[in-house]
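Novice: Turn this into a structure:
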Amino acid sequence: MDKSFPVNRNFIIVSAALLVAVIFGYFLAQFLGGAADWAGLGILVLVLGLPFIPVLVRWHQPILIFAWNATLSLYFLPGSPSLWMLMAGCSLLIAVLSRATDSKRRFVGALSVVLPLLFLTGVVLATARLTGGMGMRVLGGQTFGGRSYVFIIAAVVGYFALTSQAIPVERAGRYIALFFLPGLLTVMSNVTYALGPKFYFFYFLFPPEFAMAQAQADYGLATQDMVRLGGMSWAGQVVFCFLLARYGISGVLEFSKPWRIVLLVLAVFGSMFGGFRSGLILLGLTFVALFCLEGVWRTRLLPILLSALVIGAAALLLFVEKMPLAVQRTLSFLPVNVDPLVRMDARGSTEWRVEMWRVLVPEIPKYLLKGKGYAINPTDLYLASLGAAQGLGASSEEAIVAGNYHNGPLSVIIPFGIFGSVCFLWFIAASMRALYLNYRHGDPRLKRINTFLLAIFVAWFVFFCGIFGGFHSDLHHFVGIVGLSIALNGGIRRPVSVPASETLQLAPTGVGGN
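Specialist: Here you go, the predicted structure:
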């Protein structure tokens, strides 16, 4: 029997293409006929994505950086993962395979940051194992809460993917734009709702959560006439961050480029339409931290900023009551007169949080050694929701059962106990040290970017501890900032030591001479 039957390469390619075409045609017919489920739609999308694999392999890191703040959700996949989570896994896989096939490709080393991240991941996985596992209802589990674990693990995976290769210094400006500006896509959630039901298919990509307050206002479920545009809040914040990262405070206030300060003011004002007081506080903390790190208080810009502050305060006192109610709610923490309904709504939100914290703080000792984890019994969640709806329990009980504590420290110590808290603080300290060293000793061409990354990290941590935070969601932001800094600087920069021989040669002539 002849076993040397020749196999033609073109025959294999055509056969594979025909097989893919048949599979694609089947699922397309199912989808157009209305018989396809979400799994079938997911397979259809994967087949459509096959031609883009070479692009993904070549540009996986820039695509990941684009997705990091883009708030795009893949609702056609089980669990509706965010795009950055999917890209984190794909990017790390491509980086590992590239390293295995090419010894010259190396991850950017930062052991002082990697160690606490690994220990933190270990504590999270151990807690999940001891408190009911990582079961997710979407995958057939009997408990809720697994999505929070996925957020944490995806953030850690994302760190290694971000630092899989160094970013050339000459491209730093482009990557900063890629990191922040995709956050503008959050506005699409509000735009889609305004366009009406015919355009709701956009919610397959854009999270509808940003338009929830907008819908509540339309159906009389929120304060009368107060339309809160959640997408505008995040969009304004990312434009604010991009401008300060790219140009710094001194560059934004440059008189020869007036469009920069105009755009910054519009970004801050636009962010107020979300009605989130915390958003404006975070912008203020970031600006103050950058103000100190840049040393602006030692320049001629100080009197200009003080004058702008006085003028802005006077304008608030005169016109705040004529502003949209969502903007008034954002400013309601300041000593200004706002609409009584807005004041009542904001006060009710604060009292709701304080009430929840009073219940949670005495519970901390129970979870010091073994954290509560994220596993949620569906029956407990249902009873808490039913009790709150019928007035039989505290309005915050449902949030307590769901683990939405609206407080950074509580969101760490209750789910993961003292061990998780220590590992998290270790990671924060190591990250601040890395950002500080890059700020002090990084490439002069990255000075503004390194200064801003340190400023926003410090501001976000203060915000996380004192204003608002959630460990499983905010770890993604902390990891993104430090990972981007390490990739831009090629690691953690340290002072350059000058050899003794060069020191002697640089000594000024005539010292100690005739």
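Novice: alpha carbons only for contacts and neighbour counts from here, please
Specialist: Noted.
Novice: Near R358, how many other residues are there?
Specialist: Counted with other Cα atoms under 10 Å, residues neighbouring R358 total 10.
Novice: where's it, which helix or strand?
Specialist: R358 is part of helix 340-360, with elements assigned from DSSP states H and E.
Novice: For that helix, name the packing helices and strands.
Specialist: helix 325-330, helix 397-402 (3 or more Cα pairs under 8 Å, 6 or more residues apart in numbering; DSSP states H and E).
Novice: Least confident secondary structure element in the chain?
Specialist: helix 500-506 (a mean of 44; mean pLDDT, DSSP states H and E).
Novice: just the helices in the stretch 301-450 of the chain please.
Specialist: 301-319, 325-330, 340-360, 378-389, 397-402, 408-441, 447-466 (DSSP state H, counting those that start in this stretch).
Novice: Would you mind giving those as JSON lines with distance to G196 and mean pLDDT added?
Specialist: What follows is these, written out as JSON lines (distance: least, Cα to Cα, whole Å; pLDDT from 0 to 100):
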{"stretch": "helix 301-319", "distance to G196": "33", "mean pLDDT": "83"}
{"stretch": "helix 325-330", "distance to G196": "22", "mean pLDDT": "91"}
{"stretch": "helix 340-360", "distance to G196": "27", "mean pLDDT": "88"}
{"stretch": "helix 378-389", "distance to G196": "29", "mean pLDDT": "64"}
{"stretch": "helix 397-402", "distance to G196": "31", "mean pLDDT": "74"}
{"stretch": "helix 408-441", "distance to G196": "36", "mean pLDDT": "95"}
{"stretch": "helix 447-466", "distance to G196": "36", "mean pLDDT": "96"}
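Novice: highest average neighbour count across those helices?
Specialist: With neighbours defined as mean count of other Cα atoms under 10 Å, those peak in mean count at helix 325-330, which reaches a mean of 25.
Novice: show me where pLDDT drops low in the chain?
Specialist: Applying pLDDT under 70 to the chain flags the ranges 1-51, 76, 135-145, 220-225, 377-395, 496-514.
Novice: Could you rerun that using 50?
Specialist: 1-5, 7, 34-36, 139-140, 498, 500, 502-514 (pLDDT under 50).
Novice: Surely A217 is within a helix?
Specialist: Yes. A217: assigned to a helix according to DSSP: H, G, I helix; E, B strand; the rest coil.
Novice: residues near it, how many?
Specialist: Residues lying near A217 (other Cα under 10 Å) number 16.
Novice: Skip the chain neighbours and tell me the closest residue to it.
Specialist: V227 (5.7 Å; Cα to Cα, 6 or more residues apart in numbering).
Novice: my guess is the one you found is in a helix, correct?
Specialist: No. For V227, which was evaluated using three-state DSSP, the result is coil, with no helix membership.
Novice: who touches it in this structure?
Specialist: V227 sits next to A213, Q214, A217, L325, A326 when contact means Cα atoms under 8 Å, 6 or more residues apart in numbering.
Novice: Adding distance to A194, write the helices and strands packed on helix 340-360 out as a markdown table.
Specialist: Shown next, in a markdown table, are those (distance: least, Cα to Cα, whole Å):
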| stretch | distance to A194 |
| --- | --- |
| helix 325-330 | 17 |
| helix 397-402 | 29 |
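Novice: Of all these, which one is nearest F107?
Specialist: helix 397-402 (37.5 Å; Cα to Cα).
Novice: Which neighbouring elements make contact with the closest one?
Specialist: Against helix 397-402 (3+ Cα pairs under 8 Å, 6+ apart) you get helix 340-360, helix 378-389.
Novice: So E254: helix, strand or coil?
Specialist: Classification of E254 using three-state DSSP returns coil.
Novice: Might you report the residue contacts of it?
Specialist: Contacts of E254 by Cα under 8 Å, 6+ apart: none found.
Novice: Okay, and Y159 sits in which element?
Specialist: Per DSSP H and E: helix 146-162 holds Y159.
Novice: Run the chain-centre distance for that helix.
Specialist: 11 Å (Cα atoms, centre = their mean, to the nearest Å).
Novice: Name the residues that touch that helix?
Specialist: Residues contacting helix 146-162 (Cα under 8 Å, 6+ apart): 61, 64-65, 79, 85, 88-89, 91-92, 95, 107, 117, 121, 124, 134-136, 374-375, 472-473, 475-476, 479-480, 483-484, 487.
Novice: Same check on stretch 259-266?
Specialist: By Cα under 8 Å, 6+ apart, stretch 259-266 touches G236, V239, F240, L243, V252, L253.
Novice: What of stretch 238-248?
Specialist: With Cα under 8 Å, 6+ apart as the criterion, stretch 238-248 contacts 173, 176-177, 180-181, 183-184, 252, 260, 264, 267-268, 283, 290, 294, 448-449, 451-453.
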